[in-house]
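J.: Give the three-dimensional model of this entry:
(chains A and B)
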Amino acid sequence: MASLWRFARKHGWSYAFILPSLLTFTVFVLVPVVWAFIISFQEYSLVRGGTWVTPFYKNYVTAFTQFGGVFVSAIRNTLIYTLFTVTANILIGLILASLIQPLSNWLRTFFRAAYYLPAVTSALIIGLTWAYIFNAQWGFANYLLRLVGLPPVRWLSDPDIALGSVTLSAVLTVPATAVVLFSAAMGSIPREYYEAAALDGAGPIQRWWHITVPLIKSTTLYLVVIYTIASFEVFERIYVMVPSGVGNSTQTIVTQIYNNGFKDLNFGVASAQAFVLFVMIAAVAVLQFRALRSDVEY
Amino acid sequence: MEHAATSIPLSRRKTASRIAWGKIGAMTVLIVTAVIALFPMYWLFANAFTPISGTPPLTPILVPAFKLDNFQRLLGGTKYYANWMLNSLIVALTVTAWHVIFDTMAGYAFAKRRFPGRSVLFWILLSTLMIPIHVTLIPLYIITRRLGLIDSLGGVILPGTAVVFGIFLMRQYIQTLPSELEEAARVDGAGEFRIFWEIILPLCKPAVAALAIFTFVRFWNDFLWPLIVLNKAQNYTLTVGVANLQGEFMTDWGVIFSGAALAALPMIAFFLAFQKYFLEGVRMGAIKG
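T.: Residues are numbered from 1 along each chain as shown, chains lettered A, B, ... in the order given. Okay, the predicted model is just below:
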């Protein structure tokens, strides 16, 4: 008893400080993570609870085969969206940050703010604004086409185009975080490097390519990871731009989880699909970890 | 970067003109990108502030009429818009208050205090950092249901308090603070909670500001989880309500535009007022976008 008292006196406050966070973390993160995995091997009813399925991988088979394999299309769509969005975000972020770097403080702040402004608005509202732009009847995109004498496009209802339109909207949304982080990383590169290179006769583009780009590699890697994970999770944009979906062409992993889980109440299959998403994100995180470890540049 | 070119006198004039053109080109790219970045939001506001009662005109409205007709119909015709705004405010403020206080506490414990289990607990928290809510939606729903919180703001708020990111942010920041003040206070006999409240918390202002802004914006904008938890129209948060306007006001686009614009407005104002802290927060790794 006495030693327990001593322990409580010595460490009690430490545990008290972390207790509230730990409590909600356990109930709303830790338990759900483990439970999500368990439910992916169960048939779950809100009334009767979970029963194991046989064979144990049944939900995973269903996940990939139901409705003519729509989940396979959803993964493909998600990957296509991710590939274009991440590539564009990184390139655009890098170019814009490089271009604002030599500007005066005032201009730099101005442009950073202009690029950042849309990012403080919810993904939902941003999605809505793009849905208006791509409206087939009165949207701005078709107005531009009309101006140059082209026929209107069914941006969000043509199954061959809809995913492209959604992706284009993401590509054209300036990657604010990338601009700010690249810009901060570039600001911390010592000026002497550039001066020395200039004395050796290197032009601005050479200096950019041989000094700036390699020295901000860890920022690039970080941004690739957060943008990739964010793109894997794309939902809001799809939900408002193509509300009822255009066949299979605009399904993504999260819209599938949402439909299976909260429209069809098929919790087991939805959890199996959620686990697939988890594995994809974990793979990206592991890749980042390994890349960082092998990075001996600094 | 550009001055160095002047060290090559022979082609000095040519280089100078090339730099001038380069500057004009760079400015053009920056301005065009800024226009593209801001246009969708601008167009939404132009439409919202121009009276539209049916389908928007085929020739896009590019200059707003600065009239509030749409907003009047929005606030008069939708029963619950004000409720949604209030709900979003309650959710965002509560979750923010929680994170400011308890993340700082936990961050302080992990940064400065030694106790058994510290590294194991920290490791467990850290390992879940990358797991998005999308993976745990199903059990989260079941748990929230069992707690009787479906269709209530509590069901939106409580899972929001479990986001651990702030703990890392605060830990990282508090690690850089010197320990002397804390120890001096302890020698003077100050209680542990007082040390936290009166010494640590005030020192954390910059990090707390970034955390508060990040949390507020994130939960004001949150959509997927409130969409799942909230059922009745009067309980919606703003994002869920706005997403539903389109179904309800199929033919009155003025209402839809003004509803979306009014939902975006507070964050835009908030950003313009606290711009410095936002950009600082992004650099600290607190804000994504």
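
J.: Just the pLDDT at the residue of chain A positioned farthest from its centre, thanks.
T.: Going by Cα atoms, centre = their mean, the residue of chain A most distant from its centre is A:Ala2, 52.4 Å out. On the pLDDT scale, A:Ala2 is placed at 74.

J.: where's it relative to chain B, distance?
T.: Distance, A:Ala2 to chain B, using Cβ to the nearest Cβ, to the nearest Å: 18 Å. The way it works is simple: take the backbone N, C-alpha and C, and place the C-beta from them, glycine included.

J.: next one: A:Gly49
T.: Distance from A:Gly49 to chain B, by Cβ to the nearest Cβ: 9 Å.

J.: State the phi and psi torsions of that residue.
T.: The phi and psi torsions at A:Gly49 (degrees, to the nearest 10) take the values phi 80, psi -160.

J.: repeat for the one 10 residues further on
T.: Note on A:Asn59: its backbone torsions stand at phi -60, psi -30 [degrees, to the nearest 10].

J.: coming back round to it: so how far is A:Ala8 from the residue farthest from the centre of chain A?
T.: Remark: distance between A:Ala2 and A:Ala8 (Cβ to Cβ, to the nearest Å) = 11 Å.

J.: Specify the local secondary structure of A:Ser249.
T.: Classification of A:Ser249 using DSSP: H, G, I helix; E, B strand; the rest coil returns coil.

J.: hang on, I meant A:Tyr44
T.: Taken by three-state DSSP, the conformation at A:Tyr44 corresponds to strand.

J.: Just give the nearest non-adjacent residue to it, would you?
T.: Of all residues not flanking A:Tyr44 in the chain, A:Phe267 sits nearest, at 4.0 Å (Cβ to Cβ, 6 or more residues apart in numbering or on different chains).

J.: show me where the stretch 101-250 of chain B has helices.
T.: Taking DSSP state H, counting those that start in this stretch, the helices of the stretch 101-250 of chain B run over residues B:104-112, B:118-127, B:133-146, B:153-161, B:165-175, B:180-187, B:192-194, B:201-203, B:205-221, B:224-229, B:238-248.

J.: how about CSV for these, with mean neighbour count and mean pLDDT added?
T.: Below are the helices of the stretch 101-250 of chain B laid out as CSV (neighbours: other Cβ atoms under 10 Å in any protein chain shown; pLDDT from 0 to 100):
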stretch, mean neighbour count, mean pLDDT
helix B:104-112, 25, 93
helix B:118-127, 14, 90
helix B:133-146, 22, 92
helix B:153-161, 22, 95
helix B:165-175, 21, 91
helix B:180-187, 13, 86
helix B:192-194, 13, 87
helix B:201-203, 14, 91
helix B:205-221, 22, 91
helix B:224-229, 22, 94
helix B:238-248, 22, 87
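
J.: now the ones you listed in a markdown table, with distance to B:Trp21?
T.: Listed next are the helices of the stretch 101-250 of chain B as a markdown table, based on distance: least, Cβ to Cβ, whole Å:
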| stretch | distance to B:Trp21 |
| --- | --- |
| helix B:104-112 | 50 |
| helix B:118-127 | 50 |
| helix B:133-146 | 48 |
| helix B:153-161 | 51 |
| helix B:165-175 | 44 |
| helix B:180-187 | 56 |
| helix B:192-194 | 64 |
| helix B:201-203 | 50 |
| helix B:205-221 | 40 |
| helix B:224-229 | 47 |
| helix B:238-248 | 45 |
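
J.: The particular helix or strand that has B:Ile90 in it: which residues count as buried?
T.: Element membership for B:Ile90 (DSSP states H and E) is helix B:81-98. Using 16 or more other Cβ atoms under 10 Å in any protein chain shown as the test for burial, helix B:81-98 gives B:81, B:83-85, B:87-88, B:91-96, B:98.

J.: same thing with stretch A:28-48?
T.: A:28-30, A:32-33, A:35-37, A:39-44.

J.: Please flag which of those residues sit within helices.
T.: Using DSSP state H, the members of the buried residues of stretch A:28-48 that fall in helices are A:Pro32, A:Val33, A:Trp35, A:Ala36, A:Phe37, A:Ile39.

J.: how about the helices of the stretch 1-150 of chain A, start to end?
T.: Under DSSP H, counting those that start in this stretch, the stretch 1-150 of chain A gives helices at A:2-25, A:31-39, A:58-100, A:105-116, A:123-133, A:140-147.

J.: ok so, going back, I'd like to know which of the buried residues of helix B:81-98 is nearest to chain A.
T.: The shortest approach to chain A among the buried residues of helix B:81-98 belongs to B:Trp98, at 7.9 Å (Cβ to the nearest Cβ).

J.: Identify the residue spatially nearest to the closest one, adjacent ones excluded.
T.: B:Trp98 sits nearest to B:Thr161 (Cβ to Cβ, 6+ apart), 4.6 Å away.

J.: The residue positioned nearest the centre of chain B and B:Ala210, how far apart?
T.: Closest residue to the average C-alpha location of chain B: B:Val217 at 2.3 Å, with Cα atoms, centre = their mean. According to Cβ to Cβ, B:Val217 stands 11 Å off from B:Ala210.

J.: any idea of the mean pLDDT for stretch A:33-50?
T.: Stretch A:33-50 shows a mean pLDDT of 89.

J.: ok, and what's touching that stretch?
T.: A:51-53, A:56-57, A:59-60, A:265, A:267-268, A:271-272, A:274-275, A:278, B:128, B:131, B:135-136, B:138-139, B:142-143, B:145 (Cβ atoms under 8 Å, 6 or more residues apart in numbering or on different chains).

J.: low pLDDT regions in chain A?
T.: Across chain A, the ranges flagged by pLDDT under 70 are A:1, A:292-298.

J.: Against chain B, how distant is the residue most central in space within it?
T.: Compute the mean C-alpha point of chain A, and by Cα atoms, centre = their mean the closest residue is A:Ala230, 0.8 Å away. As judged by Cβ to the nearest Cβ, A:Ala230 and chain B stand 7 Å apart.

J.: tell me the secondary structure for that residue?
T.: When classified by three-state DSSP, A:Ala230 comes out as helix.

J.: Ok, A:Arg207 next?
T.: With three-state DSSP as the basis, A:Arg207 sits in helix.

J.: thinking it is in contact with A:Glu195, fair?
T.: No: applying Cβ atoms under 8 Å as the test, A:Arg207 and A:Glu195 come out as separate, 9.8 Å apart.

J.: What residues does A:Gly245 make contact with?
T.: By Cβ under 8 Å, 6+ apart, the residues touching A:Gly245 are A:Ile238, A:Gln251, A:Thr255.

J.: Quickly find the element holding the last one.
T.: For A:Thr255, the host element (DSSP H and E) is helix A:253-258.

J.: Okay, buried residues for that helix please.
T.: Within helix A:253-258, the residues scored as buried using 16+ other Cβ under 10 Å are A:Ile253, A:Val254, A:Thr255, A:Gln256, A:Ile257, A:Tyr258.

J.: Thanks a lot, catch you later.
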